[in-house]
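In: build me a model:
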Amino acid sequence: MPFFNAEPYSPAAMFPPPNSRLICLLASLLLAACASSRAPLIATDLDADRRMALRVGQSLVITLPADRSAGRLWALAQHTLETLALDGEPNYMQESGSAAAGDAPGSETWRFVAVRAGLDELRFEYRRPLEARDFPARVLRFRVTTE
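Out: Numbers count the residues shown, from 1 in each chain. Below is the predicted model:
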């Protein structure tokens, strides 16, 4: 009896063909994972006062026009949210191609994540931070239902 296998090397012998049931199971899991992740819902000031629907875990991205040279910022008026969580700080971006970069208008982007089912109303106020008692220059509301 020889000490080693005299048959030629065959990768197929080393790695048997995969079970078709296993392949189907893995493909199903991959498809289910892709189906459960949804693209973020994108909204602007033009979407204010419209109802929006999210699924738990889905993101909401709201971009609002802003001009920091006027000294105004968008502020989220309510302190508690029932179904949404703020995802980081708002991000300000100036428009490109402006003559004076410091005086360029731009936009603020707010990100939220749906954390539980229910209804929230986001109320944004466009105001100068030091004039919190005065009326805001602009108010926007977004009604968000999470399923």
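In: rest of the way, CA atoms for contacts and neighbours
Out: Fine.
In: just the strands in this structure please.
Out: Taking DSSP state E to define them, one finds strands in the chain at 41-44, 51-54, 59-66, 73-76, 84-86, 91-94, 106-114, 118-127, 138-146.
In: as a markdown table, those with mean neighbour count and mean pLDDT would be great.
Out: Shown next, in a markdown table, are the strands of the chain (neighbours: other Cα atoms under 10 Å; pLDDT from 0 to 100):
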| stretch | mean neighbour count | mean pLDDT |
| --- | --- | --- |
| strand 41-44 | 14 | 98 |
| strand 51-54 | 16 | 96 |
| strand 59-66 | 20 | 98 |
| strand 73-76 | 20 | 94 |
| strand 84-86 | 20 | 96 |
| strand 91-94 | 16 | 93 |
| strand 106-114 | 20 | 97 |
| strand 118-127 | 18 | 95 |
| strand 138-146 | 18 | 96 |
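In: what sits against Thr83?
Out: 114-120, 146 (Cα atoms under 8 Å, 6 or more residues apart in numbering).
In: which of those sits closest to Leu73?
Out: Nearest to Leu73 among these is Asp120, at 21.8 Å by Cα to Cα.
In: bridging residues for that closest one?
Out: Val144 (DSSP bridges).
In: any idea how far it is from Thr83?
Out: 6 Å (Cα to Cα, to the nearest Å).
In: and Val115, by the same measure?
Out: In terms of Cα to Cα, Val115 sits 6 Å off from Thr83.
In: do Arg72 as well
Out: In terms of Cα to Cα, Arg72 sits 28 Å off from Thr83.
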